[in-house]
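A.B. asks: sequence first, then the predicted structure:
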Amino acid sequence: MSKKELVSYLLAQNTALSPAQILLSLTAAVLLALLMYFVYRKTFSGVVYSKNFNSTLVLIAVITTLAMLAIGSNLALSLGMVGSLSIIRFRTAIKEPRDIAFLFWAISIGLCCGANMYIIAVLGSAVITALLFAFKMDLYERSAYLLVVHSAAGAMPAEEMEALLKENTASYRVRMSNATGREEEVTYEISLSGRKKQTPQALQKQLMELQGGCSVNFVSYSGEVIG
């Protein structure tokens, strides 16, 4: 094959898609995207669930499929598509690293369905779904909290408090300690294990019984705020 023939081959539209093939690709993309929508909703563990973001993932999968169907094997069209997409600037910051993985999953669904690689899309989505639900199970059954204890200066029973934490938590450590002439405050990072069947409310009550004038606060902790 000469260079001229090779260039003509790459610039030509080598595939002629029928309406049935286009419909099949879009249907597969929608079904897999809906599976992703369900998995994201069921495995979400953040503070505020965003239905708009989840719906956007479905749209990204379908739109990517459309782009892949339009490009096909046409080199010139693919380069033009890359140039057109390069002018788009996204200003919305993604705060959750997990959401980035779902974005890549949505794009991968679109790429595979647009290229008629349905087996890869289905098997890949099945593996990702299994991994996400396995992570959601939390086999160690531990919940992390920040425990903030506030009291008047000299009134905090530090030794008794640490003995109580040692007995009723899976692990604990001091994260921060502040003291002034009138008051003092200690912040612990603690892990509650299902094995000991301890709840934050029960532990809070026991800590307050040590010293009637102290204030005890529990804050749900993911390990990403205080390093």
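C.D. replies: Perfect, I can see it now. Numbers count the residues shown, from 1 in each chain.
A.B. asks: these two touch, right, Val62 and Leu31?
C.D. replies: No: using Cβ atoms under 8 Å, Val62 is not in contact with Leu31, being 10.8 Å away. C-beta: built from backbone N, CA, C; applies to glycine.
A.B. asks: of those two, who's got more company?
C.D. replies: Val62 (19 against 16; other Cβ atoms under 10 Å).
A.B. asks: how close does the closest residue to Ser151 other than its chain neighbours sit to Gly154?
C.D. replies: Distance criterion Cβ to Cβ, 6 or more residues apart in numbering; nearest residue to Ser151, sequence neighbours excluded, is Cys214 at 3.8 Å. Distance, Cys214 to Gly154, by Cβ to Cβ, to the nearest Å: 12 Å.
A.B. asks: who's more crowded, the two?
C.D. replies: Neighbours per residue, other Cβ under 10 Å: of Cys214 and Gly154, the larger number sits with Cys214, 20 against 9.
A.B. asks: which helix in the protein runs the most residues?
C.D. replies: helix 19-43 (DSSP state H).
A.B. asks: what helices or strands is the following helix or strand past that one leaning on?
C.D. replies: Sequence-wise, the next helix or strand downstream of helix 19-43 (DSSP states H and E) is helix 51-71. Helix 51-71 is packed against helix 19-43, helix 75-85, helix 97-114, with contacts defined by 3 or more Cβ pairs under 8 Å, 6 or more residues apart in numbering; DSSP states H and E.
A.B. asks: kindly compare burial across those helices and name the winner.
C.D. replies: helix 97-114 (a mean of 19; mean count of other Cβ atoms under 10 Å).
A.B. asks: and that helix with helix 51-71, angle?
C.D. replies: Helix 97-114 runs at 30 degrees relative to helix 51-71, counting by axes from the mean of the first three to the mean of the last three Cα atoms, to 10 degrees.
A.B. asks: what does helix 97-114 rub up against?
C.D. replies: Contacting residues not belonging to helix 97-114 are listed as 25-26, 28-29, 32-33, 36, 40, 46, 53, 57-58, 60-69, 71, 94, 118, 120-121, 124-125, 128 [Cβ atoms under 8 Å, 6 or more residues apart in numbering].
A.B. asks: of the residues you listed, grab the buried ones for PyMOL.
C.D. replies: Applying 16 or more other Cβ atoms under 10 Å to the contacts of helix 97-114, the buried members can be selected in PyMOL as follows:
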select buried, resi 25+26+28+29+32+33+36+40+53+57+58+60+61+62+64+65+66+67+68+69+71+121+124+125+128
